[in-house]
Structure formats: C-alpha cells, structure tokens
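Asks: Compute the structure for the input listed below.
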Amino acid sequence: MPSDPSHPERSRPRKPHSGSPRRDSGQQGSDARRPHRALVNPDPARFAAVCLVSHVVDQRWTLEEAMRKEQAFVRLDGRDRGFAAHLTLATLRALGLVDAVLATKLAKPLPDSAHFAKALLRVGAAQLIEGLAPPHAAVGRSVDLAKFEATGRGFAGLINAVLRRIATEPLVRPHDRERVPALWWNRWRAAYGAEAADAIAESLARQPALDLTTKGDAATIAEAVDGIVLPTGSVRLKETPSDVTTLPLWGEGNYWVQDAAAALPARLLATKVGEKVLDMCAAPGGKTMQLAATGADVTALDLDAARINRVAENLARTSLTARLQVADARTVSEEPYFDAILLDAPCSATGTLRRNPEALWIKTPSDVARFAAVQVELVKAAAAALKPGGRLVYAVCSLEPEEADPAVAAALEAGLKLAPISPDEVPDLGHAVTEQGCLRIFPHYWGDRGGMDGFFIGRFVKPE
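Replies: Residues are numbered from 1 along each chain as shown. Predicted coordinates for the structure are as follows:
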C-alpha cells in the first residue's frame, strides 16, 4: 500500500534531475511518446506527481503500480519522493472536488489527448484548494512544468490563467461529497443513508494515521515510537514518518504497519498455541504475522508468488514462522483440516479510500459483482476445510453490501453458524456491531483519533 508521508512545502527546487527521455508509458494520444527534453526539469517531485495522477486517471493504474513503473517517481530521492507521494495522494483524495472547481474556470474541457496538461491542472489546483503549497509556488511551478514538458507547452498560458483565477478569486468550495464519484456516493446513500455517505466522502479530507501491530506489549512500543495505544490494541503514531524503517525498534522486528481496522479480523479469530490455522489470502502478511505471533501453526496461501515473497520477507524481519504456499485458495482442501481460518478476501477495497483513493476512480460496480462471485467461492472452500468446531473469520476492506451479504449467506448455506461478535470484543466500536453480530466499520469512525479503514467482518463456527 502507498505511503503518505508529510512533506514541508519547498518554494525552491531541490537539486534538479535531468529531463532525459522516458519510455512509452502506454498512454494514448499526444502524450504517448515524449520527445527528448533539452531543458532541465524545474521540479522533479511535482513532475512525478503529475505523471502518477495521469497514470491513475487516464490509464486506470493503481497508485502502487504507477509508483513502481513511473521512472520520474522511481528516480527521486527520499525527500522528493515523499513530497511527490504526498502531493499525488492529496490530489487523488480531492479529485472530484478539484474537477468541480476546474469546471467553473474552464470555458471548455481540455482535449481528451491532453493527458499531461489535464493532470498538471489537477495537481496545481489541488495545491491551491487544499492549501498544500503557497499560491506563488503552486502556480509558478505548474507553469514551469507546462513549458518543460513538450505536450504541455501549448497549454502553459491556459494553465497560468486558470490557476491564477483559483488563487485570487473567492473560492466557492463544493461540498465534500464531490470528492467521490457520484456513482459511489449514490450507492452508499442507498445502503446507509445520505448522512453516512457524506461522512464517508468527508473522510477523504483527512490524511490517514499510521498504525502498528505489535508482537509484545503495545504500551512499550507506543512509548518508543511516540504513539498511543488504541482501545483495540493497535498503536497509532502521533506523527507519520516519511520512512517507517527509521522508527525506533523497527530493526528488531517487534511490530509492523497495519491499520487498526485491518488488525481486527485476526484478533477476533483468537487463535491459540498449536492450532492449525489457515490464512487464505495472506499477502502482504500483516494478518499472517498476527496469527503466527499467537503460537499457532499457520499456513499462509496466496495466488501470487511475488506477493507470497513479501510475506516471507515480513516474517523474516519479525522472526515469525509460517508455512507458505502459492496456490488458489478456492482449491485449498477437500478435507476438514484446520482449527481456524482467516479469509481476508480480495475485494473492491472501497473501505481503504483514504489510503488508496484511486480505487474510486478506476473501479466500477461491475468490479464489485466480480469480486462478490469470487468471495462466495472462497467462503465455500473455507467451510469445507474447517474441522468440526472450527472457526472462520471472513473480512473485506469494502463498504459494499454486495461483498458482505452474499458471503454471509454462502457460509450459512455451507452449514456454518454465525458466531456473533460482542461489543466487548471491540472496545469503542460497539456501534459497529450489526444486528447479526457482524462488524460494519466505516472510514469516519474514530474520526477524532484519525479514522480507520472501512471493513466488514463476520465470524462463523462449524457445528461439531
């Protein structure tokens, strides 16, 4: 998952990077191939942010994929990389709001092929609307980058005029619901009501906190890293570092990064020493480490070999052990073998919109239906692999009812019984317990503490 480190605004450029030609990024239209740049890049960090935003919006890449592939970002050093990531995430969190403001300043939309210019306008406008940079820096650097990039030069005057209007004219700020595409807001309103839908959208206005899960005493780690212990046992940092590996005790492997909500499924499975436990969709390994830390005999599955390698790296750093397998979890076992199974299923990830805001722009309700079908298959496979008396926790970081209700129905049809979650098991989240005894967590919960990822969690038991 991409980090979102804070970075102070820089009104002067860092040491410039040369504007060497980049390989074809796969974009269509006039941005597809860029000619050699004779100029020196006036702001490599902002340039990288513009490229990343374009990849997400125009090519529907995940931000993680864009950060991995875009060389303008990969080449940055730690400080500039942190600023580029921060600026990109802030722009994507405000993308709908930014587009609403730009629509009032442009006489007509830019051509579809003007990918770089459109992304540059969005990043520049986000800096002004969200207060990410002084106006002179946001406007001036945007114009400099338009002149630097061949496909942006023809739009330099327009970009200057539009951003100056935003900077100098009274801003009629759109409602925060504009931050998210209308199709998602309308879905949430239908499922949870307009007030909840607005609160979900408004959660995008706040940078997510950084949470840690600890192997040992949470209070000791909290003191070492200048954090607080949350009611559910996670440690939340008071300030987000630009590089988590620089935190005290990181090298000793006593904790790992994991959102407080993401840590709940493994806590609610409550595994014991020696139990045979399956983590069905394990990568990147946070829940695997939680399970292994209890002394359980853990098998961790993932369909992707590269992702299972990340699990192995995380286990090695924390000196924890688990049996790792690259396999399709839908065919895990036809024999009842496991005492407990954790199924954190692949999903639309709309609950992580604060950390992965691009999900709202690159996914559609048709993706929700596709994920829901896979989730039902995984639940059936999990039910078959459980011993009599065994427990299953099903979880998705999704806000969509279609990724919760069918999975619950599939578990019940497979012969499992609901094992209701008690409010006492989730301190300060009792209001998230549904009538069925499942958990429905929204990103605006614990808003005064920094919020949390949205999740659905259900717990089941296989009758003896």
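Asks: Please make it C-alpha for all contacts and neighbour counts, starting now.
Replies: Noted.
Asks: Gly450 touches Pro208, doesn't it?
Replies: Yes: here Gly450 reaches Pro208: they are 6.2 Å apart, a contact under CA atoms under 8 Å.
Asks: So those two - more neighbours on which side?
Replies: Pro208 (23 against 17; other CA atoms under 10 Å).
Asks: Hmm, Arg355 and the more buried one touching each other?
Replies: Yes: shown here, Pro208 and Arg355 form a contact pair, counting by CA under 8 Å, at 6.7 Å.
Asks: in the lengthiest helix in the chain, what's buried?
Replies: As assigned by DSSP state H, the longest helix anywhere in the chain is helix 365-385. Using 16 or more other CA atoms under 10 Å as the test for burial, helix 365-385 gives 368-369, 371-372, 374-385.
Asks: Between those residues, which sits nearest Gly124?
Replies: Val368 (32.3 Å; CA to CA).
Asks: can you pull the contacts of the residue nearest to that closest one when sequence neighbours are not counted?
Replies: Closest residue to Val368 apart from its sequence neighbours, by CA to CA, 6 or more residues apart in numbering: Ser348 at 5.8 Å. Ser348 makes contacts with Ala359, Lys363, Asp367, Val368, Phe371, Cys397, Ser398, as judged by CA atoms under 8 Å, 6 or more residues apart in numbering.
Asks: do Phe460 as well
Replies: If you count contacts by CA under 8 Å, 6+ apart, then Phe460 has Arg391, Leu392, Val393, Ala411, Leu416, Lys417, Leu418, Ala419, Pro420 around it.
Asks: Can you tell me the SS state at it?
Replies: At Phe460 the chain is in strand, as set by DSSP: H, G, I helix; E, B strand; the rest coil.
Asks: What distance do you get for it to Ala414?
Replies: Phe460 sits 11 Å away from Ala414, taking CA to CA, to the nearest Å as the criterion.
Asks: With Arg355 instead?
Replies: Arg355 is 34 Å from Ala414, where distance means CA to CA.
Asks: Then Gly390?
Replies: 13 Å.
Asks: Which one's more surrounded, these two?
Replies: The neighbour count for Gly390 versus Ala414, taken as other CA under 10 Å, is higher for Gly390 (22 against 16).
Asks: Flag every buried residue along stretch 437-450.
Replies: By 16+ other CA under 10 Å, the buried positions in stretch 437-450 come out as Gly437, Cys438, Leu439, Arg440, Ile441, Phe442, Pro443, His444, Tyr445, Gly450.
Asks: residues touching the fifth one, list them.
Replies: Under the criterion of CA under 8 Å, 6+ apart, the contact list for Ile441 reads Ala261, Ala432, Asp453, Gly454, Phe455, Phe456.
Asks: Just the pLDDT for it.
Replies: Here the pLDDT value assigned to Ile441 is 99.
Asks: Is it bridged to anything, and to what?
Replies: According to DSSP bridges, the residues that bridge with Ile441 are Phe455.
Asks: Now for Leu291: which residues touch it?
Replies: By CA under 8 Å, 6+ apart, the contact set of Leu291 is Ala266, Thr271, Val277, Val298.
Asks: And it, how far from Leu264?
Replies: As for Leu291, its distance to Leu264 is 12 Å (criterion: CA to CA).
Asks: Just the CA coordinates for stretch 81-98, please, in CSV.
Replies: C-alpha atoms of stretch 81-98 as CSV (Å, rounded to 0.1, in the frame of the first residue of the first chain):
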residue,chain,number,x,y,z
ARG,A,81,9.8,11.0,-3.3
GLY,A,82,7.9,11.7,-0.1
PHE,A,83,6.7,15.0,-1.4
ALA,A,84,5.6,13.5,-4.7
ALA,A,85,3.7,10.7,-3.0
HIS,A,86,2.1,13.2,-0.6
LEU,A,87,1.0,15.5,-3.4
THR,A,88,-0.3,12.7,-5.5
LEU,A,89,-2.4,11.2,-2.8
ALA,A,90,-3.7,14.6,-1.8
THR,A,91,-4.7,15.3,-5.4
LEU,A,92,-6.5,11.9,-5.7
ARG,A,93,-8.3,12.4,-2.4
ALA,A,94,-9.7,15.7,-3.7
LEU,A,95,-10.0,14.7,-7.3
GLY,A,96,-13.8,15.1,-7.7
LEU,A,97,-13.7,18.4,-5.8
VAL,A,98,-10.8,19.7,-7.9
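Asks: and for that stretch, what are the contacting residues?
Replies: 2-8, 45-46, 48-50, 52-53, 73-74, 122-123, 125-127, 129-130, 132, 174-176, 178-181, 204-205, 242, 353-358.
Asks: Now do the buried residues in the host helix or strand of Ala85.
Replies: Per DSSP states H and E, Ala85 falls inside helix 78-93. By 16+ other CA under 10 Å, the buried positions in helix 78-93 come out as 79-93.
Asks: wait, which of these is closest to Ile308?
Replies: Ala85 (25.3 Å).
Asks: what's the distance between stretch 237-244 and the middle of its chain?
Replies: Distance of stretch 237-244 from its chain centroid, counting by CA atoms, centre = their mean, to the nearest Å, is 16 Å.
Asks: Show me which positions of it end up buried.
Replies: Neighbour-count burial for stretch 237-244 [16+ other CA under 10 Å]: Leu237, Lys238, Thr240, Pro241, Ser242.
Asks: give me the element the fourth one is part of.
Replies: According to DSSP H and E, Pro241 maps onto no helix or strand at all.
Asks: That one and Ala372: what is the separation?
Replies: Distance of Pro241 to Ala372, computed by CA to CA: 36 Å.
Asks: so Arg189 sits right up against Ile200, yeah?
Replies: No: Arg189 lies out of contact with Ile200 (CA under 8 Å); the separation is 10.1 Å.
Asks: The stretch 1-150 of the chain: helices as residue ranges?
Replies: 44-59, 63-69, 71-74, 78-93, 95-105, 115-129, 135-148 (DSSP state H, counting those that start in this stretch).
Asks: Any chance of those helices in TSV with distance to Val257 and mean pLDDT as columns?
Replies: Formatted as TSV, those follow (distance: least, CA to CA, whole Å; pLDDT from 0 to 100):
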stretch	distance to Val257	mean pLDDT
helix 44-59	24	98
helix 63-69	16	96
helix 71-74	22	98
helix 78-93	17	95
helix 95-105	27	96
helix 115-129	28	98
helix 135-148	32	97
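Asks: more crowded one of Arg189 and Ile200?
Replies: Ile200 (26 against 14).
Asks: any idea how far that one is from Cys281?
Replies: Distance, Ile200 to Cys281, by CA to CA: 27 Å.
Asks: do Val225 as well
Replies: From Val225 to Cys281 the distance is 30 Å (CA to CA).
Asks: Looking at these two, which has the bigger crowd around it?
Replies: Taking neighbours as other CA under 10 Å, Val225 and Cys281 compare with Cys281 leading, 25 against 18.
Asks: Check what pLDDT that one gets.
Replies: Model confidence at Cys281 (pLDDT) stands at 95.
Asks: My read is that it contacts Ala329, right?
Replies: Yes: using CA under 8 Å, Cys281 is in contact with Ala329, at 7.1 Å.
Asks: Mutual contacts of those two, please.
Replies: By CA under 8 Å, 6+ apart, Cys281 and Ala329 have these common neighbours: Leu301, Asp302, Leu303.
Asks: residues contacting the last one?
Replies: Taking CA under 8 Å, 6+ apart as the definition of contact, the neighbours of Leu303 are Cys281, Val326, Ala327, Asp328, Ala329.
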